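Asker: Give me a 3D structure for the following:
(one chain, ligands or ions: 2)
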Amino acid sequence: MTRALLSLGSNLGDRLGHLRTALATFGESVLMVSGVYETPPWGDVEQPAYLNAVLLAVDPAAGPYDWLARARAAEHTAGRVRDPQRRFGPRTLDVDVIAVWADDDRQVLSDDPELTLPHPRAHLRAFVLRPWIDIQPYGQLPGHGRLTDLLTCGPAAAEVAELRPRPDLRLESGA
Ligand SMILES: Nc1ncnc2c1ncn2[C@@H]1O[C@H](COP(=O)(O)OP(=O)(O)OP(=O)(O)O)[C@@H](O)[C@H]1O
Ligand SMILES: Nc1nc2c(c(=O)[nH]1)N=C(CO)CN2
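Answerer: Ligands and ions are numbered 1, 2, ... in the order given. Prediction:
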């Protein structure tokens, strides 16, 4: 397995610092980094605004569960405390594995609750789709079609206008 699209989100503490922790955890496997967006909380929980971004990472040696393990390692480094009672609640860092591509370029599909691929809620989330199209303008989400169509007429289309690009916050910059 070679490539993974990873979604990063933070709405507690040093939000940009936590996203950078994720970038550092994926290290040399990172091929592309999206812009950072300030996004209103998605879901029913009242909580602070998020910073969101996505990464495209490549590692010929990594299988799907390796990407999940690295995502969990990044969350741990950012001090995330899991509250099983509060789904979709606030967190220092959330790293979701949105999609994985195998060597032959085919997307990996999985219905394992531990790692469902593609991520089952990605098509509903402008905070994933909008940064994703930054780095893969012709990207597709299996079962849901092209990112361009999802962003213009899919279930997340109405939310796109609520996202605020933050060009002043760059994941890769040390400043
Ligand atoms: N594609 C995936 N990426 C990340 N976690 C996944 C994926 N598919 C299933 N999971 C599982 O989902 C469980 C809950 O993850 P998490 O606490 O990050 O959920 P959440 O952030 O509240 O919700 P969401 O996954 O919708 O963002 C984890 O135990 C994880 O193993
Ligand atoms: N805007 C935004 N909202 C969310 C996010 C996120 O990353 N960004 N993550 C959540 C966890 O499931 C719940 N809601």
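Asker: pretty sure residue 100 is in a strand, no?
Answerer: Yes: assigned with DSSP: H, G, I helix; E, B strand; the rest coil, residue 100 falls within a strand.
Asker: quick one: contacts for it?
Answerer: 1, 3-5, 64, 67, 107-108, 117 (Cβ atoms under 8 Å, 6 or more residues apart in numbering). (Glycine included, C-beta is placed from N, CA and C.)
Asker: for the closest residue to residue 34 other than its chain neighbours, helix, strand, or coil?
Answerer: Spatially, and ignoring its direct neighbours in sequence, residue 34 is nearest to residue 131 (3.6 Å; Cβ to Cβ, 6 or more residues apart in numbering). Three-state assignment for residue 131 (three-state DSSP): helix.
Asker: Go through the contacts of residue 100 and say which is closest to ligand 1.
Answerer: residue 117 (5.7 Å; Cβ to the nearest ligand atom).
Asker: which residues does the closest one contact?
Answerer: Here residue 117 is in contact with 64, 97, 99-100, 107-110 (Cβ under 8 Å, 6+ apart).
Asker: How many residues are close by residue 141?
Answerer: Neighbour count of residue 141, defined by other Cβ atoms under 10 Å: 22.
Asker: Need the phi and psi values for it.
Answerer: phi -110, psi 110 (degrees, to the nearest 10).
Asker: so what's it bridging to?
Answerer: Taking DSSP bridges as the rule, residue 141 bridges to residue 145.
Asker: Which residue does the chain have closest to ligand 2?
Answerer: Closest point on the chain to ligand 2, by Cβ to the nearest ligand atom, is residue 9, at 2.4 Å.
Asker: ok, that residue - contacts?
Answerer: Neighbour list for residue 9: 39, 50-52, 91, 93-94, 96, 127 [criterion: Cβ under 8 Å, 6+ apart].
Asker: Out of those, which sit inside strands?
Answerer: 39, 50-52, 94, 96 (DSSP state E).
Asker: Please indicate which of those has the highest neighbour count?
Answerer: That'd be residue 52 among these, by other Cβ under 10 Å, with 28 neighbours.
Asker: The spatially closest residue to that residue that is not a sequence neighbour - how many residues pack around it?
Answerer: Nearest residue to residue 52, sequence neighbours excluded (Cβ to Cβ, 6+ apart): residue 127, at 4.2 Å. Residues within reach of residue 127, counting by other Cβ under 10 Å, total 28.
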